[in-house]
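Peer 1: I would like the atomic coordinates for the input below:
(one chain, ligands or ions: 1)
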Amino acid sequence: NDKSLIVSFGEMLIDFVPTASGVSLAEAPGFLKAPGGAPANVAIAVARLGGKAAFVGKLGDDEFGHMLAGILKENNVIATGINFDTGARTALAFVTLRADGEREFMFYRNPSADMLLKPEELNLELIRSAKVFHYGSISLIVEPCRSAHLEAMKEAKKAGALLSYDPNLRLPLWPSAEEAREQILSIWDEADLVKVSDVELEFLTGSDKIDDESALTLWRPNFKLLLVTLGENGCKYYTKNFHGSVDAFHVETVDTTGAGDSFIGALLTKLVDDQSVLEDEARLREILRFANACGAITTTKKGAIPALPTPAEALKLLNA
Ligand code: ADP
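Peer 2: Numbers count the residues shown, from 1 in each chain. The predicted structure follows:
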């Protein structure tokens, strides 16, 4: 399609989700394959909503890697930024569903292919054609994908893309909490748009308050938009000229996986062709209402990718 391109950079992997909760990994009766990875979810969220999306990252040249690339293509995500590593395997995560509903993850990253993307393997032509470049999550943690991440950001920015950052804190993957905070904040100033969850806000500020004062410590002079997502309480937004909050939709939530990715994908889809909405509070609020609706819908179904909404589903909730 002739829309402007949103490139999403980072990892894609398979979560093995047990068919029973409250049991250990070893006791799980079986597992369902749930493809995911925040940046890949965002790319599919954009494409499903009718936007033009590409995913940039590395997969193993194995059954799982080709399955994941196939899922991106089936969902109309441009796949020319994907590399396949012939040595390392596709990243996998084994999930434990605790009786209290929380998820615990054990990662196969030994190292997994996604961590091995090298700067020289980047499809720079694709990256330079992005109007929005979205990133975040685990590609900052180790080399060489860290250098690839920084290079891709630099090239996208130089070519005029809006940089969108969702840190997607995965604390257990980091050597320490201090290092996670330090590294996440080390690329903070580069972004034009940042989205954090309430949990990430607390982690990054070191404060247990989720208020404007605390959020504004994460604001940078060059930012165009800072968002704090609050689950069933919607989201808060901050720009140079105004700030406020937009309520969530009431839905029957069964699994919140991917809600944040759906939210940011929806937002990017709406602003990629018209960034002037960032200066118009009424229009921005309308878009955030749409993003909240997309996030809410994603919580009503199991998994992330199967639960990402179509425009018709979003419209139905918006008009309900
Ligand atoms: P993340 O997945 O990054 O932790 P959130 O859980 O805050 O992000 O979800 C992102 C957005 O999805 C929220 O801002 C909200 O609009 C929507 N959302 C998430 N959980 C719910 C819920 N239980 N009910 C309604 N909307 C939700």
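
Peer 1: okay, now the unreliable bits of this protein?
Peer 2: For the chain, the stretches flagged by pLDDT under 70 are 1.

Peer 1: and what about N222, helix, strand or coil?
Peer 2: coil (DSSP: H, G, I helix; E, B strand; the rest coil).

Peer 1: and G303, by the same measure?
Peer 2: Quick answer, by three-state DSSP: G303 is coil.

Peer 1: quick check, L25 in contact with P18.
Peer 2: Yes: with contact defined as Cβ atoms under 8 Å, L25 reaches P18; the gap is 7.4 Å. Every residue, glycine included, has its C-beta placed from N, CA and C.

Peer 1: which residues do those two both contact?
Peer 2: T96 (Cβ atoms under 8 Å, 6 or more residues apart in numbering).

Peer 1: who has more neighbours, these two?
Peer 2: Applying other Cβ atoms under 10 Å to L25 and P18 shows that P18 carries more neighbours, namely 19 against 13.

Peer 1: quick check, that one in contact with S24.
Peer 2: No: judged on Cβ under 8 Å, P18 makes no contact with S24 at a distance of 9.2 Å.

Peer 1: joint contacts of the two?
Peer 2: Common contacts of P18 and S24, defined by Cβ under 8 Å, 6+ apart, comprise T96.

Peer 1: any chance you could map the strands in the chain?
Peer 2: With DSSP state E, the ranges of strands along the chain come out as 5-9, 13-18, 31-36, 52-60, 78-85, 92-97, 103-108, 130-135, 162-165, 193-197, 225-229, 235-238, 243-246.

Peer 1: using TSV, lay out those strands together with distance to the ligand.
Peer 2: As requested, the strands of the chain are exported to TSV (distance: least, Cβ to the nearest ligand atom, whole Å):
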stretch	distance to the ligand
strand 5-9	15
strand 13-18	14
strand 31-36	12
strand 52-60	18
strand 78-85	23
strand 92-97	15
strand 103-108	12
strand 130-135	13
strand 162-165	13
strand 193-197	4
strand 225-229	3
strand 235-238	4
strand 243-246	8
